[in-house]
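Peer 1: sequence unavailable; structure follows:
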């Protein structure tokens with residue numbers, strides 16, 4: 001849990017630009033009453049209830065009321081409980097497995113930049129040079145006979161700063 005809290009700070013900063021509302025393109029909404037723009041239907045619409053008996057009306061009314069409340073998630077077109085269960089399972093799997101486990105694998109995975117290896121190797125070399133009584137950095141790291149310097153005539157008036 002501490003990992004999620006620590007890492008959430010890294011995720012919030014880049015998302016601030018996306019979560020912030022746009023500064024341009026705002027639209028004003030008028031709240032004044034516009035009574036003359038509303039339409040009124042005067043003729044009576046025939047009801048489906050009038051053609052059935054009272055028992056069928058009660059059962060179909062309850063069924064249509066339940067169908068009106070249910071908003072399909074797109075996983076199952078007719079079964080509400082299977083649709084909701086599938087939506088919750090998909091959300092759980094996508095968030096938990098894809099985001100959390102992928103970030104755990106990324107942060108706690110092997111060192112791909114070899115930074116830790118380089119540091120360990122440096123400590124081993126320092127320990128080896130100290131054990132042999134050598135300085136940590138050799139003043140003659142490169143053999144002087146292999147270094148080719150220009151002569152005084154080639155340098156001319158070029159200023160050398162040491």
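Peer 2: Cool, got the structure. Predicted model only: the values in this text are computed from it and were never measured.
Peer 1: residues near residue 87, how many?
Peer 2: The tally of other residues near residue 87 (other Cβ atoms under 10 Å) stands at 15. For the C-beta atoms, the positions are set from N, CA and C on the backbone; glycine is no exception.
Peer 1: just checking, next helix/strand downstream of the helix or strand hosting residue 118?
Peer 2: Assessed by DSSP states H and E, residue 118 sits inside helix 115-131. Once helix 115-131 ends, the next helix or strand along the chain (criterion: DSSP H and E) is helix 152-155.
Peer 1: quick one: contacts of that following helix?
Peer 2: Helix 152-155 has contacts (Cβ atoms under 8 Å, 6 or more residues apart in numbering) with no other residue.
Peer 1: and it, what's buried?
Peer 2: For helix 152-155, the neighbour count (16 or more other Cβ atoms under 10 Å) marks no residue as buried.
Peer 1: that one - what's its average pLDDT?
Peer 2: The average of the pLDDT scores along helix 152-155 is 87.
Peer 1: and for stretch 95-102?
Peer 2: The pLDDT scores in stretch 95-102 average 86.
Peer 1: that one: end-to-end distance?
Peer 2: Separation of the first and last residues of stretch 95-102 by Cα to Cα, to the nearest Å is 10 Å.
Peer 1: check stretch 127-147 too.
Peer 2: In stretch 127-147, first residue to last residue: 29 Å (Cα to Cα).
Peer 1: quick one: mean pLDDT over that stretch.
Peer 2: Mean pLDDT, computed over stretch 127-147, is 90.
Peer 1: so how many other residues sit close to residue 119?
Peer 2: Residues within reach of residue 119, counting by other Cβ under 10 Å, total 11.
Peer 1: one more: the one 5 residues further on?
Peer 2: Residue 124 has 10 neighbours, counted by other Cβ under 10 Å.
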